[in-house]
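[1] Need the 3D shape of this:
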Amino acid sequence: MTTVAPGAPDTPQRGPTEPAQSADTSAGNGLALRVGRPSSNSIVIGIAGELDTTTAPRLHELLAPRLSSRAETVILDLSGLRFLGVAGLELLAHARRVADGRSMTVCIVDGPVCVERALRAAGWHRVVPTFGSVQAAVAEMTGRESAQPLP
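    Next up is the predicted model:
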């Protein structure tokens, strides 16, 4: 895993056939963020700690450029969250709207009961693909990507 400072690029320069590396943008303020590219068309963002009014802007800074990338799928791993507040839910809703406008898929790896309850209260369990693990999300989303016809 490659560690980078917040604001630095999330992946080092690599050749076209090299696998993507992960970046860890951990910092204080109760939120730790990780970025990985399990495939050329998928991005995983691991979110741990507390996602609330004070920490949502950090996630937004990390998420915004990925939502304007060429990725087809963004997997938000919420399994490490201890708290998911209204500001976090609003940010997730914004990310989904942006992704929908770009024909991107956003899916979620849910987490502890507090996260599951917040997602249910927001109605996300009905409209956003949700998985029990990052591995399950990557397998499902990669399967969809590889099933598309080649140009």
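[2] Against residue 69, how distant is residue 40?
    Distance from residue 40 to residue 69, counting by Cβ to Cβ, to the nearest Å: 11 Å. C-beta: built from backbone N, CA, C; applies to glycine.
[3] shared neighbours of these two, anything?
    Overlap of the contact sets of residue 40 and residue 69 (by Cβ atoms under 8 Å, 6 or more residues apart in numbering) is empty.
[4] Just to check, residue 81 is in contact with residue 56?
    No. Counting by Cβ atoms under 8 Å, residue 81 does not reach residue 56; the two are 12.0 Å apart.
[5] where do the contact lists of the two overlap?
    Common neighbours of residue 81 and residue 56, using Cβ under 8 Å, 6+ apart, are residue 88.
[6] where along the protein do the strands fall?
    2-3, 23-24, 31-39, 42-51, 73-84, 105-109, 130-131 (DSSP state E).
[7] Need these in TSV (columns: mean neighbour count, distance to residue 120 and mean pLDDT).
    Below are the strands of the chain laid out as TSV (neighbours: other Cβ atoms under 10 Å; distance: least, Cβ to Cβ, whole Å; pLDDT from 0 to 100):
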stretch	mean neighbour count	distance to residue 120	mean pLDDT
strand 2-3	12	35	30
strand 23-24	18	30	51
strand 31-39	20	22	94
strand 42-51	22	16	96
strand 73-84	21	11	96
strand 105-109	21	12	94
strand 130-131	18	10	92
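[8] for this protein, longest helix please?
    helix 86-101 (DSSP state H).
[9] how far is it from where the chain is centred?
    Here the centre of helix 86-101 is set off from its chain's centre by 11 Å, with Cα atoms, centre = their mean, to the nearest Å.
[10] repeat for stretch 59-77
    6 Å.
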